[in-house]
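Chemist: Can you look at this prediction? I've put the sequence above it.
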Amino acid sequence: MQIRKLWPLTLITVLLLTGVLAPNTISWSSSLSKNATIYSHGTIAYGTLPLHVDGRWIKDSLNETVILYGVNKGQWVDYPTGCWMETGSSGAGCESFTSQKVIDNLDYMKEWGCNVIRLHTTMDWWIDDYQNYRSNIKTAIELANKRGIYVIFEPAHVRNYQDGGGIGDSPLPWTGPWTEYCGSISDFVDYWRSVVDELRNYPNVIYELWNEPRPGTNSTIEDWYDGWQQCIDMIRYEKEDNHIILIQWYYGQDGSSNGNLEWVLDYPFNYTNLAYSTHVYRSNGAFNPGMKFEYDDVKAMCIERNVKRIGEEWNRPLVIGEVGAFGDSYEEQAAFENFLIIMNEWNIGYVAWLWRSSTVYALLTPGTPFPCPPSPSGQTLIDAIAAVVT
């Protein structure tokens, strides 16, 4: 939001001479707003404050704790437009990109209480800048910043869905059709170098190095660790960029690996502003098989998988990067609701899957014009955020 304010010339002169107001912009805060940028022509633009890690907490530049609650915007792997829903339409509006579509969606997310969105992107379209892919993403980031919304930028695929990409795509091992865009760890680092060059000046961006990294035929967590290490070195030392970097490991279709979070201690990094993530699904993933849906059972599973210990004992920040209910069955919805309740009790943020009005994980009601009413999962998310955000 922008508020036009006519400043008296004498006041502007005093502020400039005393150094309070820089010739172009200055960050400003008050009891009315945590962050605003006052331009010399009188415009006040509100936005986010840069984030940093302090022990188990993510904090802003005023040293206030920020817990991230939001939604995944996953269609950047399907369409170079990001597929933002169009107001008044029951279709997704995937064919074109307009700022107004993004604004309408972000404003609706804000009504839900969201302060973060996670962009599920593909490497090939970014590298080729296919159909203004980079510009579209940056516009979405800028518009989110003006609304006080943080953005987790993460690559999920090497190749987009339209060209045969799929969830199994990973930059490791370096085989098959993916080598054109990512044939080595150095290619992966080069890709991230280009991302940092484009996004480093946005205060609301969080870098997530890869979505659901997993072992491959010729790769292990050690290979991934090497890739992460090189990316972090490049971001921190070459680019001198201190944005928060989010790291996760394979969340485990069989309930193993990432689900227990022990890899966080087994593969430490000697850097600041690092945070960690895992994904939680009852029907598949880290807490499957056998996850029940009652509150006590869900809490017991969370404790067993070290979700509580990572903050309370290991002193590291955790963000649940994906969580959702597979359909509207009582068991799925109860497990989803109880999980969010527990995360609220432990002060752990979460990003729900998926901001869409189709698929079994939809947070919006299918077949209804946008702004679509929340689905049962969407309403559960709204209620959970409202319980902790005032």
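Modeler: Structure's in. What do you need?
Chemist: hang on, residue 90 in a strand?
Modeler: No: Residue 90 sits outside any strand when classified using DSSP: H, G, I helix; E, B strand; the rest coil, being coil.
Chemist: any idea how far it lies from residue 358?
Modeler: Relative to residue 358, residue 90 is positioned 10 Å away (CB to CB, to the nearest Å). Yep, even glycine has a C-beta here, placed from its N, CA and C like the rest.
Chemist: Repeat that for residue 149.
Modeler: Between residue 149 and residue 358 the distance, using CB to CB, works out to 23 Å.
Chemist: same deal with residue 330?
Modeler: 22 Å.
Chemist: In terms of neighbours, single out the busier of residue 90 and residue 358.
Modeler: More neighbours surround residue 90 than the other of residue 90 and residue 358, with 15 against 11 (other CB atoms under 10 Å).
Chemist: Nearest residue to the more buried one in space, please, no chain neighbours.
Modeler: Sequence neighbours aside, residue 369 is the residue nearest to residue 90 in space, at 5.1 Å (criterion: CB to CB, 6 or more residues apart in numbering).
Chemist: mind giving me the domain split of this structure?
Modeler: Per automatic domain parsing, the structural domains of the chain span 1-46, 50-388.
Chemist: which parts of stretch 223-241 are buried?
Modeler: Neighbour counts over stretch 223-241 (16 or more other CB atoms under 10 Å) mark 223-225, 227-229, 231-232, 234-236, 241 as buried.
Chemist: Using CSV, list the CA coordinates for that stretch.
Modeler: Included here for stretch 223-241 are C-alpha records, laid out as CSV according to Å, rounded to 0.1, in the frame of the first residue of the first chain:
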residue,chain,number,x,y,z
ASP,A,223,27.0,-35.2,-2.6
TRP,A,224,24.1,-32.9,-1.8
TYR,A,225,26.0,-31.5,1.2
ASP,A,226,28.9,-30.6,-1.1
GLY,A,227,26.6,-28.8,-3.5
TRP,A,228,24.9,-26.9,-0.7
GLN,A,229,28.3,-26.0,0.8
GLN,A,230,29.5,-24.5,-2.5
CYS,A,231,26.2,-22.6,-3.0
ILE,A,232,26.4,-21.1,0.5
ASP,A,233,30.1,-20.2,0.0
MET,A,234,29.2,-18.4,-3.2
ILE,A,235,26.2,-16.6,-1.6
ARG,A,236,28.0,-15.5,1.6
TYR,A,237,31.5,-14.8,0.4
GLU,A,238,31.4,-14.1,-3.4
LYS,A,239,28.1,-12.2,-3.4
GLU,A,240,28.3,-11.0,0.2
ASP,A,241,24.6,-11.8,0.5
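Chemist: what's the average pLDDT for that stretch?
Modeler: Per-residue pLDDT over stretch 223-241 has a mean of 95.
Chemist: 856 is where my numbering starts, stick with that
Modeler: With 856 as the first residue, the last one maps to stretch 1078-1096.
Chemist: Pull out the buried positions in stretch 982-995.
Modeler: Buried residues in stretch 982-995 (16+ other CB under 10 Å): 982, 988-989, 991-995.
Chemist: which residues in the stretch 1106-1245 of the chain form strands?
Modeler: Along the stretch 1106-1245 of the chain, counting by DSSP state E, counting those that start in this stretch, strands occupy 1129-1136, 1173-1179, 1204-1207.
Chemist: Can you tell me which of these is nearest to residue 977?
Modeler: Comparing those by their distance to residue 977 (CB to CB), the top pick is strand 1173-1179, with 16.8 Å.
Chemist: what angle do the closest one and strand 1129-1136 make?
Modeler: 20 degrees (axes from the mean of the first three to the mean of the last three CA atoms, to 10 degrees).
Chemist: In the stretch 1006-1155 of the chain, where is pLDDT below threshold?
Modeler: The stretch 1006-1155 of the chain contains residues with pLDDT under 70 at 1021-1024, 1106-1114, 1139-1146.
Chemist: so the residue nearest to residue 945 makes contact with residue 946?
Modeler: No: Residue 1224 is beyond contact range of residue 946, at 9.2 Å (criterion: CB atoms under 8 Å).
Chemist: which residues touch residue 1099?
Modeler: 906-908, 913, 1061-1062, 1128-1130 (CB atoms under 8 Å, 6 or more residues apart in numbering).
Chemist: The same query, at a cut-off of 7 Å, please.
Modeler: Shown in contact with residue 1099 (CB atoms under 7 Å, 6 or more residues apart in numbering): 906-908, 913, 1061, 1128, 1130.
Chemist: Closest to residue 1103 out of those?
Modeler: Closest to residue 1103, out of all of the contacts of residue 1099 and judged by CB to CB, is residue 1130, at 9.7 Å.
Chemist: just curious, which of the buried residues of stretch 1078-1096 is nearest to residue 1173?
Modeler: residue 1083 (16.9 Å).
Chemist: if you compare the domains of the chain, which one is most tucked away?
Modeler: domain 905-1243 (a mean of 19; mean count of other CB atoms under 10 Å).
Chemist: ends of it, how far apart?
Modeler: With CA to CA, to the nearest Å as the measure, domain 905-1243 spans 22 Å from end to end.
Chemist: how far is it from where the chain is centred?
Modeler: Centroid separation for domain 905-1243 versus its chain: 4 Å, with CA atoms, centre = their mean, to the nearest Å.
Chemist: Let's have the strands of the stretch 1106-1245 of the chain in JSON lines, adding distance to residue 1116.
Modeler: Output for the strands of the stretch 1106-1245 of the chain, formatted as JSON lines (distance: least, CB to CB, whole Å):
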{"stretch": "strand 1129-1136", "distance to residue 1116": "6"}
{"stretch": "strand 1173-1179", "distance to residue 1116": "8"}
{"stretch": "strand 1204-1207", "distance to residue 1116": "15"}
